[in-house]
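# Give me a model of this one.
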Amino acid sequence: MTDLSLHGLPGGLPDKRDVAASFSRAAASYDSVAELQRAVGGELLNRLPEAFVPARWLDLGCGTGYFSRVLAERFAGSQGIALDIAEGMLNHARPLGGARDFIVGDAERLPLQASTCDLIFSSLAVQWCADFASVLSEANRVLKPGGVFAFASLCVGTLAELRDSWRQVDGRVHVNRFREFGVYQQLCADSGLRIARLETRPHVLHYPDVRSLTHELKALGAHNLNPGRPGGLTGRARILGLVEAYERFRQAKGLPATYQVVYAVLEKPQ
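Numbering: from 1, shown residues only. Sure thing, here's the model as predicted:
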């Protein structure tokens, strides 16, 4: 049987311990460069069903807790849980409030009882989960009947300009791998949850130079985490080669970085 959770990802996804450590280190710098994250999370909020008011919500992969605070404000009087695999992120989020509980946990094995949440909200977190079928199964388990799992993730085509530019320089793995959109479609269809919305939309950011892009990825904790990534420092000649290759993509606004964003709203049957 084909493992659809990793389909199209030769070498697999990053080790979750590497992910947790990388995002913990990035906690202090994350919000200063989180333009994409806030834009995507806002788009995901806009896709929630109208008049939907959860009594209890889970911010899955909450990061610095920005959307935990947004959810608390939007659903005043509700009970919120902020959960992330990176303890450093939770340490940053906890003093800022928003959620009632802050929990270190894994989306593939949620430390929550069954049928306890009306909403699971997850913006740009589940792309780091190697077993997405387990994420969906856990969401189904934890949601109450009629509950909603809304997530935004990334799929193939993300950072294509950076990937293509590195390909001109060497054959090494320099850019994070992501699932194909078709894999998300099939896994969601097989999850037992009803698909209310499932679509992909490009989101393009622009940078004055390559250094600005790579600095931002590092500040987010989202720089290259793949198995097989080059170790140590990258030589000057290869960096110059990357800069030259990326200049082919320059537009009037600067160097583009395209993110292929998956938006999904799934409902647990009554």
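# And the helices in the stretch 51-200 of the chain?
In the stretch 51-200 of the chain, the helices defined using DSSP state H, counting those that start in this stretch lie at 66-74, 87-93, 132-142, 160-169, 181-189.
# angle of the last one against helix 132-142?
Here helix 181-189 points in a direction 30 degrees away from that of helix 132-142 (axes from the mean of the first three to the mean of the last three CA atoms, to 10 degrees).
# Between the helices of the stretch 51-200 of the chain, which one is closest to Leu255.
Smallest distance to Leu255 across these (CB to CB): 7.4 Å, for helix 160-169. The C-beta positions use only the backbone N, C-alpha and C, and glycine is treated the same way.
# Which neighbouring elements make contact with the closest one?
helix 236-246, strand 255-267 (3 or more CB pairs under 8 Å, 6 or more residues apart in numbering; DSSP states H and E).
# which ones are touching Phe132?
Shown in contact with Phe132 (CB atoms under 8 Å, 6 or more residues apart in numbering): Ser5, Val126, Arg179, Val183, Tyr184, Leu187.
# What is the lowest-pLDDT residue among those?
Ranked by pLDDT, those bottom out at Ser5 (35).
# one step back: so can I have a markdown table of the helices of the stretch 51-200 of the chain showing distance to Ala252?
As requested, the helices of the stretch 51-200 of the chain are exported to a markdown table (distance: least, CB to CB, whole Å):
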| stretch | distance to Ala252 |
| --- | --- |
| helix 66-74 | 31 |
| helix 87-93 | 36 |
| helix 132-142 | 37 |
| helix 160-169 | 15 |
| helix 181-189 | 29 |
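# Tell me which of the ones you listed lies nearest to Ser153.
With CB to CB, the closest approach to Ser153 among the helices of the stretch 51-200 of the chain belongs to helix 181-189: 7.0 Å.
# what's the angle between the closest one and strand 255-267?
Using the same axes, to 10 degrees: helix 181-189 against strand 255-267 is 20 degrees.
# roughly how far is helix 181-189 from the heart of the chain?
Mean C-alpha position of helix 181-189 versus that of the full chain (CA atoms, centre = their mean, to the nearest Å) differs by 16 Å.
# go on, stretch 255-262?
How far stretch 255-262 lies from its chain's middle: 13 Å, per CA atoms, centre = their mean.
# just the CA coordinates of it, formatted as PDB?
The C-alpha trace of stretch 255-262 is given here as PDB (Å, rounded to 0.1, in the frame of the first residue of the first chain):
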ATOM      1  CA  LEU A 255      12.300  38.700  -6.000                       C
ATOM      2  CA  PRO A 256       9.100  36.600  -5.700                       C
ATOM      3  CA  ALA A 257       8.700  33.700  -3.200                       C
ATOM      4  CA  THR A 258       5.600  31.700  -4.000                       C
ATOM      5  CA  TYR A 259       3.800  29.700  -1.300                       C
ATOM      6  CA  GLN A 260       1.100  27.300  -2.500                       C
ATOM      7  CA  VAL A 261      -1.300  27.400   0.400                       C
ATOM      8  CA  VAL A 262      -3.900  24.600   1.100                       C
END
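# what's next to it, contact-wise?
Residues outside stretch 255-262 that contact it (CB under 8 Å, 6+ apart) are 36, 40, 43, 151-162, 178, 181, 184, 198-210, 213, 246-247, 249.
# Buried ones among these?
Using 16 or more other CB atoms under 10 Å as the burial test, these include 36, 40, 151-162, 178, 181, 184, 198, 200, 203, 205, 207, 210, 213, 246, 249 as buried.
# any idea where the strands of the chain begin and end?
Under the criterion DSSP state E, the chain carries strands at the ranges 56-60, 79-84, 101-104, 117-123, 143-154, 194-207, 255-267.
# Could you take those strands and lay them out as JSON lines, with extra columns for mean pLDDT and distance to Gln168?
Output for the strands of the chain, formatted as JSON lines (pLDDT from 0 to 100; distance: least, CB to CB, whole Å):
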{"stretch": "strand 56-60", "mean pLDDT": "98", "distance to Gln168": "37"}
{"stretch": "strand 79-84", "mean pLDDT": "97", "distance to Gln168": "36"}
{"stretch": "strand 101-104", "mean pLDDT": "97", "distance to Gln168": "41"}
{"stretch": "strand 117-123", "mean pLDDT": "98", "distance to Gln168": "32"}
{"stretch": "strand 143-154", "mean pLDDT": "98", "distance to Gln168": "23"}
{"stretch": "strand 194-207", "mean pLDDT": "96", "distance to Gln168": "18"}
{"stretch": "strand 255-267", "mean pLDDT": "97", "distance to Gln168": "15"}
